[in-house]
Each structure stands twice: as C-alpha cells, then as structure tokens.
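Asker: Need the 3D shape of this:
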Amino acid sequence: MTERLEHLLASQVTARPHAIALTDSTGAKLTWADLDALSLAGCALLRDQGVRRGDRALLIIENCAEAVALLFSCWCSGVTAVPVNARQSASEISRVLAHADPALVLFSTAVSENARAHAGHLGAVPAPSPFGGMHLARMHPGAPDDYPDLAVLLYTTGTTGDPKAVMLTHENLLFGGGASARLRRMVPDDLIYGVLPVTHVFGLTSVIVAAVTAGAAVRLEPRFEVDRLYRALGEGITLLSAVPQMHGLLMHYTARQGYTRLGSDTLRYASSGAAPLDPDWKRQAEAFYGMALQNGYGMTETSAGVSITDNPAGSADTSTGPPLPGVQVRIDETVPGGGDGLGEVLVRGPNVTPGYYRLPEETARVIDSAGWLHTGDLGHLDDQGRLHILSRSKELIIHGGFNVYPPEVEAAINEHPEVMQSAVIGRAAAGDEEVLAFVQTGSGSTLTEAELLEFLRQRLSGYKRPAQIVFARQLPAAPTGKLLKHLLLKELGDRLR
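Answerer: As a prediction, the model looks like this:
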C-alpha cells in the first residue's frame, strides 16, 4: 500500500496515544488519540457536507489545532486540502475560490478576526461539534480531480493577477517532512514552536509533517508576536525554525529586556530560512542563542527543502548546506548574470512538485522534460558540494554594468545597530538601474539617511550603495515574516524622490 500522510498519524496513535501532539492559543491540548478522533470527526463532516474523493476543500485559516486536524481529515478522505492564510484580502480569496473550485470552505473563526470577516462575506455558518472554532460554507464545485496522490494546493506567497497553485503530493510532503525530522534530529520529547503558518510550505512540511513523523509536540500560534515567542522559549520549546526577520525581532526584544543572550534551558536547535545568511549577523545570532544557527534553502515547489546545514557553532559557513539526500542540484550558467560557476539553481528529486494546478504551460516553463525545476534563484556550489544562494535572478540589479545582489546590500545595512531589517530592490533610471533600500528601524530611532549612507561607505563599493534610503516603522511582509518586495513601491513608493 502506498504510504500516505494519514498513515503517519495512525502510527503515532499506535505508539503514543496519550502523549501531547498539539497545543494552541485557544487552550486546546490534544493527545495523538485526540487528534486522530478529531480528524475522523472531520472526515464525517466532509462526507455529510457532500464532499467527494477528488474534491477540493478550501481552508481559510490561521494556526490552530482544529485546522491541523482538518488537514488530516482531507487526506484520509481523499480530498485535496487548499490551505490559505486568512490574512489574504477578500479579492485574493475570491480569485482562489474561482481557481480552486472547492466543494467546501472552512474558516478558523476562533483564532482569526480575518477568518471571521471572510466567513461573514461568504455566508458561512457554524460548523457542527466538535469543530466549535470553525465556520463552513458549501460551494458548488465542478468534477472531482483524478489526482489520487494530490495532498495540497498551495497558492504561492505574493501572487498577483491570476492565482498560481503549487500541487504537492503525499510523496512530496512525506519526503520533505521526513528529511526535516531527520536532519533536525526530532524526537518525541521535542516541543516545536509552530508560528510559521501551516498555509505555507515551511510551516506545513518542516513543522507539522516533520513533527508527526517524529512524534514531537507542536505549540501552535496563529500569528508571530515577539513577546509570545520570548515567553515560549522559557516554557519548554526545544526547536525553533524561523525566518531571519523573526530572529532579528527576537534579538531586539530581548535586548530591550536588558539581556544580550536568550538563556533558554531547553532550546537545542534553531534554524533560519528564506534569506541568505550574513557572516556577522550569523555570529551575533549564535552568540544570542548559545548554539549553532542552521540555514536552509527551499521553496513551495520543492516541498520546502532543497538543502540544509548541519554545522557546529562558530562555523564560518554561510551556505545553505549540501542538497538533501536523494535531491539533485545543478547550476545553469547560461542565464543572465551567470558564468564562472554562478547561475540558476536547478533541482530534481522526490521533493519537486508535479506542477501548477490547471496551468500546464506554466508547469512546462519551469519544469523541463528531464524533470529539472528551474528555481529562478542565482547560486553556486562550492568545492564541498554546498549550495550558496545569492538572490532571485529577477531581483538581480545591474547598475553601471555591475551586478548588484540585494542580499549583500541588505546584509551591510542590517549591520547597523538601529536597523531591524531591510529590503533592497532596483528601479529603472535613465538607461540604468539604481539601487533602492527600504529600512525598518525600531521605535525611538533617530537614524538618518546620511548617517546610514556614511555607515555603508565603509562596507560597500560605490556601485552597490543605495541611491536612496526610505525609512519605515514596518515593511510589507507575508504571514511567515518574509518580506514582500513586490509591495515596497506600492506601499512606500510615495516617499521616493
């Protein structure tokens, strides 16, 4: 019998039925047996609402125990789950509805004001017991899909215009979650901080599926709040996977409490993803946590993981590590900005999506006939086989004939003690491109553009320095904390000269 995600849950119910599997912000505390029972109740709910095998169920959710149970309900019913973060706008939700054509929409109304708003807009009604924190709305779908192994459709962060959904199979998620569990050495005694949204591949695969693989417990949080993370790290959390922005905000928050180190007695593993690591920032983070900070690389189309480090504290390695066992990576030097070992990162393996839902032309554009996924990221492999990511190829800035890689400029900016995070983009200017920087500072900061440019003069060549710096108290970000660069000009462009 082909292994499926619901079989992971069944194995944990057999092995440790009374151990805690999930807790959440509502006070819910589910054992593996409880999670299984709630999942089976969800199967009955889907059946009673007329949802058929091969249908899609849209989950407009933020992290909570009921949402995780419903994922397993979909999987054990042969239904494709379409998890969408409730913080999407009404227009974005409307486009997803039209594209995914779901039979049923469920909303995590107990933990999300946004979900409540969407539920009201779509005329949803309270879900029957035991899903007291959910609402539902029945739809009128077309024919079921004939994709027996399709587990989820994930709409990629920041899509504009027509929706684009990445198809991930049970095999994809089992591979990605299993690799995450093994490389993080997860065990049943672990308690994982689950603030990365389960609607995003990082939270779904590297947290939820990995935890169920290992039998580890997850403390679910619907939104990132730095004070809640700070408290949780003193309450038994052993693994923290986050994006650099979350780590940076935690370090700033801790400093405001008068401490330079975290001082957790239980945290044993911390990792960062979604952005390259700057050596100085990595050293600061490791001193703060008192342990190695691991780095990884992946994307929705690769079921989260492509590569990950396993370094000791103090390692100078700022790569994203070697490819996961069973995953192949090669570099295409023929792309713009390529050459001398640098080029577009291509990936092939059991982690790679079969394609984009109902978009065969787009699928053929990014996955070639040999099965290689063209990631759109620029990178290189070093002599030890470790992958280094420089930037998105479409984010490469060519200024004065020189290549400018935004992460390098961002790393220099972020070294300033008053900077919390930054985002660098290019803008066409008189037959050239100029470098623009958007910088988030903390409350009370008096940092000026002239002061920061002088700071950068010692760290960046002239062609890499920003033509203009825009300061903001908040930069546009996805629910994961990942900065959304395509929104910078839309939200902050009126401040440009």
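Asker: what's the longest helix along the chain in contact with?
Answerer: Longest helix in the chain by number of residues (criterion: DSSP state H): helix 32-48. Helix 32-48 is contacted from outside by 6, 9-10, 12-13, 15-19, 21-22, 30, 57, 65-66, 68-70, 72-74, 76-77, 79, 104, 127-128, 130-131, 136, 215, using C-beta atoms under 8 Å, 6 or more residues apart in numbering. C-betas here are computed from N, CA, C, even on glycine.
Asker: Could you identify the helix or strand that succeeds it?
Answerer: Where DSSP states H and E defines the elements, the next helix or strand beyond helix 32-48 is strand 56-61.
Asker: Could you give me the buried positions within that following strand?
Answerer: Neighbour-count burial for strand 56-61, counted by 16 or more other C-beta atoms under 10 Å, picks out 56-61.
Asker: cool, and stretch 251-262?
Answerer: Under 16+ other C-beta under 10 Å, the buried positions of stretch 251-262 are 251-254, 262.
Asker: now for those residues, which pair is the farthest apart?
Answerer: Taking C-beta to C-beta as the measure, the buried residues of stretch 251-262 span a maximum distance of 12.5 Å, between H252 and L262.
Asker: tell me the SS of P163?
Answerer: Following DSSP: H, G, I helix; E, B strand; the rest coil, P163 is assigned to coil.
Asker: can you give me phi and psi for the most centrally placed residue in the chain?
Answerer: Nearest to the geometric centre of the chain sits F202, at 4.0 Å (C-alpha atoms, centre = their mean). Main-chain dihedrals, F202, degrees, to the nearest 10: phi -60, psi -50.
Asker: Nearest spatial neighbour of it, chain-adjacent residues omitted?
Answerer: Leaving aside its chain neighbours, F202 sits nearest to L196 (5.0 Å; criterion: C-beta to C-beta, 6 or more residues apart in numbering).
Asker: Contacts for stretch 273-285, please.
Answerer: Against stretch 273-285 from outside (C-beta under 8 Å, 6+ apart): 202, 241-244, 247-248, 251, 270, 272, 293, 295-298, 314, 316, 318, 320, 388-391, 407, 410-411, 414-415, 480, 482.
Asker: measure the residue nearest to F202 to F175 for me?
Answerer: Counting by C-beta to C-beta, to the nearest Å, the gap from L196 to F175 is 19 Å.
Asker: Looking at the two, which one has more neighbours?
Answerer: Between L196 and F175, L196 has the larger neighbour count (other C-beta atoms under 10 Å), namely 30 against 24.
Asker: if we can go back for a sec, which residues does the residue nearest to F202 contact?
Answerer: By C-beta under 8 Å, 6+ apart, L196 lies in contact with 202-203, 206-207, 241-243, 480.
Asker: Now, those residues that are in helices?
Answerer: Counting by DSSP H, the contacts of L196 place none of their members in helices.
Asker: and those, which are buried?
Answerer: Buried by 16+ other C-beta under 10 Å: 202-203, 206-207, 241-243, 480, out of these.
Asker: Format those residues as CSV; extra columns: distance to R185.
Answerer: CSV is the format used below for the buried ones among the contacts of L196 (distance: C-beta to C-beta, whole Å):
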residue, distance to R185
F202, 19
G203, 20
S206, 14
V207, 15
S241, 13
A242, 18
V243, 21
T480, 24
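Asker: A100 and L59 touch, don't they?
Answerer: No: with contact defined as C-beta atoms under 8 Å, A100 does not reach L59; the gap is 10.7 Å.
Asker: Quickly list the domain ranges of the protein.
Answerer: The chain resolves into domains spanning 5-171, 224-393, 396-495 when parsed by automatic domain parsing.
Asker: and stretch 233-249, which residues are buried?
Answerer: 233, 236-249.
Asker: can you tell me the average pLDDT over it?
Answerer: The average pLDDT within stretch 233-249 is 90.
Asker: which helices and strands does the helix or strand encompassing E361 pack with?
Answerer: According to DSSP H and E, E361 maps onto helix 360-366. Applying 3 or more C-beta pairs under 8 Å, 6 or more residues apart in numbering; DSSP states H and E, one finds that helix 360-366 contacts strand 355-356, strand 373-381.
Asker: just for the stretch 351-497 of the chain, where's the confidence low?
Answerer: Low-confidence segments of the stretch 351-497 of the chain (pLDDT under 70): 393, 400-402, 430-431, 480.
Asker: one more time with 80, if that's ok
Answerer: Where the stretch 351-497 of the chain drops to pLDDT under 80, the residues are 391-396, 398, 400-403, 405, 429-432, 443, 461, 478-482.
Asker: For it, just list every one of the helices.
Answerer: 360-366, 406-414, 449-457, 488-492 (DSSP state H, counting those that start in this stretch).
Asker: Next: the stretch 1-150 of the chain.
Answerer: 5-15, 32-48, 65-76, 90-100, 113-121.
Asker: ok so, going back, ok, which of the domains of the chain comes nearest M186?
Answerer: Among the domains of the chain, the nearest to M186 by C-beta to C-beta is domain 224-393 (7.0 Å).
Asker: Pull the distance from the closest one to the chain's centre.
Answerer: Its chain's C-alpha centre and that of domain 224-393 lie 10 Å apart, by C-alpha atoms, centre = their mean, to the nearest Å.
Asker: Of the buried residues of stretch 233-249, which is the nearest to A472?
Answerer: Closest to A472, out of all of these and judged by C-beta to C-beta, is Q245, at 13.5 Å.
Asker: Check which helices and strands the helix or strand encompassing the closest one is in contact with.
Answerer: In this structure, Q245 sits in helix 244-256 according to DSSP H and E. Contact analysis of helix 244-256 by 3+ C-beta pairs under 8 Å, 6+ apart lists helix 226-232, strand 269-272, helix 279-289, strand 419-429 as its packing neighbours.
Asker: let's go with 6 Å and repeat that
Answerer: Helices and strands touching helix 244-256, by 3 or more C-beta pairs under 6 Å, 6 or more residues apart in numbering; DSSP states H and E, are helix 226-232, strand 419-429.
Asker: re the thing from before, tell me which of the buried residues of stretch 251-262 is nearest to E221?
Answerer: Nearest member of these to E221, counting by C-beta to C-beta, is Y253, at 15.1 Å.
Asker: shouldn't that closest one be in contact with V226?
Answerer: Yes: between Y253 and V226 there is a contact under C-beta atoms under 6 Å: 4.5 Å.
Asker: shared neighbours of those two, which are they?
Answerer: Shared contacts of Y253 and V226 (C-beta atoms under 6 Å, 6 or more residues apart in numbering): none.
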